[in-house]
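1. Sequence and predicted structure, then a few things I'm wondering about:
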Amino acid sequence: MDAGGLALAETKGKWFNYMLDRNQDWLLKELVKPGEKVLHAITDCRIKDISPGKSQRSPVGVFVATDKRVIFCIPKISGESHVEEFSYDQITSIGLCRTPYWSGCVDFTAGPVKKTAFWINPKSNAEEMVRIIRDQVKMLKDKA
């Protein structure tokens, strides 16, 4: 196997292990840029893209707030992932949503992109994520 094939096999193995044990350490190292600090991470919630024209699937994903941006990551068993990132100046709305379950739920909007992260346990994780993102958005606006 060539070096590229070996790297791909190692990545697939790491993704597969992540899907089984939800160990966020490796995944966060992959998502976070050098010099960036993770403020809060929710590693096994459902993420629904409710933007116009998007599918109604709700895969298990990762919702991360760093000191620079918000990241949504949907890992795939193939070793790839779908990652969307939003700087705090792009965020137009963030808040808790109503859910008939005991778990937490967050509504997120950045321009035309609308997402809902739900089945967040414990519910306090959702509350903490909303507080952190609001604080980062406010801090950015206060600097301007």
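-> Looks like it arrived, so ask away. Numbers count the residues shown, from 1 in each chain.

2. And the pLDDT at the residue nearest to residue 87 when sequence neighbours are not counted?
-> In space, residue 87 comes closest to residue 69 once its chain neighbours are excluded; the distance is 5.0 Å by Cβ to Cβ, 6 or more residues apart in numbering. Just so you know, the C-beta spots here come from the backbone N, C-alpha and C atoms, and that holds for glycine as well. You'll see residue 69 listed with a pLDDT of 97.

3. Kindly report the same for residue 123.
-> For residue 123, the model assigns a pLDDT of 93.

4. if we can go back for a sec, correct me, but the residue nearest to residue 87 touches residue 84?
-> No: the pair residue 69 / residue 84 is not scored as a contact, 10.1 Å apart, by Cβ atoms under 8 Å.

5. neighbour count winner among the two?
-> With neighbours defined as other Cβ atoms under 10 Å, residue 69 and residue 84 compare such that residue 69 has more, 18 against 15.

6. Next up, phi/psi of that one, please.
-> Geometry field for residue 69 lists phi and psi as phi -160, psi 170, criterion degrees, to the nearest 10.

7. ok, it - contacts?
-> Counting by Cβ atoms under 8 Å, 6 or more residues apart in numbering, residue 69 touches 36, 85, 86, 87, 88.

8. and residue 143, how far is that from residue 136?
-> 11 Å (Cβ to Cβ, to the nearest Å).

9. Equivalent analysis for residue 46, please.
-> From residue 46 to residue 136 the distance is 23 Å (Cβ to Cβ).

10. Restricting to C-alpha, output the longest helix along the chain in CSV.
-> Counting by DSSP state H, the longest helix found in the chain is helix 123-143. The C-alpha atoms that make up helix 123-143 are tabulated as CSV, following Å, rounded to 0.1, in the frame of the first residue of the first chain:
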residue,chain,number,x,y,z
LYS,A,123,-29.9,19.6,28.4
SER,A,124,-27.4,21.9,30.2
ASN,A,125,-24.9,21.3,27.4
ALA,A,126,-27.3,23.0,25.0
GLU,A,127,-27.8,25.9,27.4
GLU,A,128,-24.0,26.3,27.8
MET,A,129,-23.5,26.2,24.0
VAL,A,130,-26.0,29.0,23.5
ARG,A,131,-24.5,31.1,26.3
ILE,A,132,-21.0,30.7,24.9
ILE,A,133,-22.0,31.6,21.3
ARG,A,134,-24.0,34.6,22.4
ASP,A,135,-21.1,35.8,24.5
GLN,A,136,-18.7,35.5,21.5
VAL,A,137,-21.1,37.3,19.2
LYS,A,138,-21.6,40.1,21.8
MET,A,139,-17.8,40.4,22.4
LEU,A,140,-17.2,40.7,18.6
LYS,A,141,-19.9,43.4,18.3
ASP,A,142,-18.5,45.3,21.3
LYS,A,143,-15.1,45.4,19.6
